[in-house]
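Trainee: output the structure for:
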Amino acid sequence: MSSIVHSIQSTPVDSPNPSLPSLSEPPTNAKQSWVWLYFSNVKCQVNSQSGSPCKKILMHDQSGSTKSMSDHLWVLHQLINPKTTNLNKTLTLDKYVQHQNPKKSLSAETLKTALIYFICDCDLPMSVSKSTSFQALLELCSPSVLNILVRQKALTSHLLNVYFFHQEKLCALIYGSGKQLAFTTDTWTSPNIKAFMAITGHFINKEFNVVSVLLDLTEIEGNHLGQSLANQFPTTLKQYELEDSIIAITTDNAWVNQ
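Mentor: Below you'll find the model as predicted:
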């Protein structure tokens, strides 16, 4: 990335101009901020993907606040304060969201993802998106939302994308801790008389904390729960490539598991 910082007046940043202090030697009475490595007179010169400078001019007040500039560098150019990272630690998007909480723009894609999390978190059916009262609530929040509200079929399809995204994150978490797990299983019957079996993995992470993660939740047909476990457990292990990672397996002592 060449020539990050330039002056609006096209003055070289290293030249001794009384109207434009040199960035390499800022005034002693001025507050120094990392964003001045990328801004001069609040005009962004970070090259875009097309190769041309951004040239976004940002407003700043007399307080000297640089928040608008740092937010601009992150949201549009994915640039962060180098003092927040080192060779062994990288600032991830998840951590940035926790600390900065950047504003998300409303689009069909972000709305689909938000609806998926809402439906799963509140244990609602996918058909809630078709509810007239629910659509009225969304329209109250944003009148234009109905123009981008997707149909239930598209929402169901997007659910798989969200699932695979979190499955990859789960694999990265497990693999980063040595892939040595103890497993527990549990079965229960739902109010609509459907039997389910859950397979949970337990391991110790690098911070020596016990972590438990749900690996699979499968509907079981018939009363042969023990046989269903014997059939499903190897499939789940193969899905996560954990066939050689078993420390122990614990099930309840119900007779159907014998």
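
Trainee: what lies in contact with stretch 194-210?
Mentor: The contact list for stretch 194-210 (Cβ atoms under 8 Å, 6 or more residues apart in numbering) reads 173-174, 176-178, 180-190, 211-221, 225, 228-229, 232-233, 236, 242. Glycine gets a C-beta too; all of them are placed from N, C-alpha and C.

Trainee: now, these that are in strands?
Mentor: Here DSSP state E is the test, and these give 181-189, 211-220 as lying in strands.

Trainee: on the three-state scheme, Cys171 is what?
Mentor: helix (DSSP: H, G, I helix; E, B strand; the rest coil).

Trainee: surely it and Tyr240 touch.
Mentor: Yes - Cys171 is within contact range of Tyr240, at 6.3 Å (criterion: Cβ atoms under 8 Å).

Trainee: so which of these two has more stuff around it?
Mentor: Comparing Cys171 with Tyr240 by other Cβ atoms under 10 Å, the one with more neighbours is Tyr240, at 20 against 15.

Trainee: list the contacts for the more buried one?
Mentor: Neighbours of Tyr240 in contact, by Cβ under 8 Å, 6+ apart: 170-171, 174, 215.

Trainee: out of those, who has the most neighbours?
Mentor: Most neighbours among the contacts of Tyr240, by other Cβ under 10 Å: Ile174, with 22 neighbours.

Trainee: one step back: mind giving me the PyMOL select for the ones in strands among the contacts of stretch 194-210, buried ones only?
Mentor: In PyMOL, this line selects whichever of those come out buried by 16 or more other Cβ atoms under 10 Å:
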select buried, resi 181+182+183+185+187+215+216+218+220
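
Trainee: so who does the closest residue to Leu170 other than its chain neighbours touch?
Mentor: The shortest distance from Leu170 to any non-neighbouring residue, by Cβ to Cβ, 6 or more residues apart in numbering, is to Val213 (5.9 Å). Val213 is in contact with 170, 173-174, 200-202, counting by Cβ under 8 Å, 6+ apart.

Trainee: bridge partners for Val213, pull those for me.
Mentor: Gly201 (DSSP bridges).

Trainee: with Ile220 as the reference, measure out to it.
Mentor: 21 Å (Cβ to Cβ, to the nearest Å).

Trainee: ok so Leu137 is a strand residue?
Mentor: No - checked against three-state DSSP, Leu137 lies outside a strand; its state is helix.

Trainee: ok, it to Arg151 distance?
Mentor: Remark: distance between Leu137 and Arg151 (Cβ to Cβ) = 18 Å.
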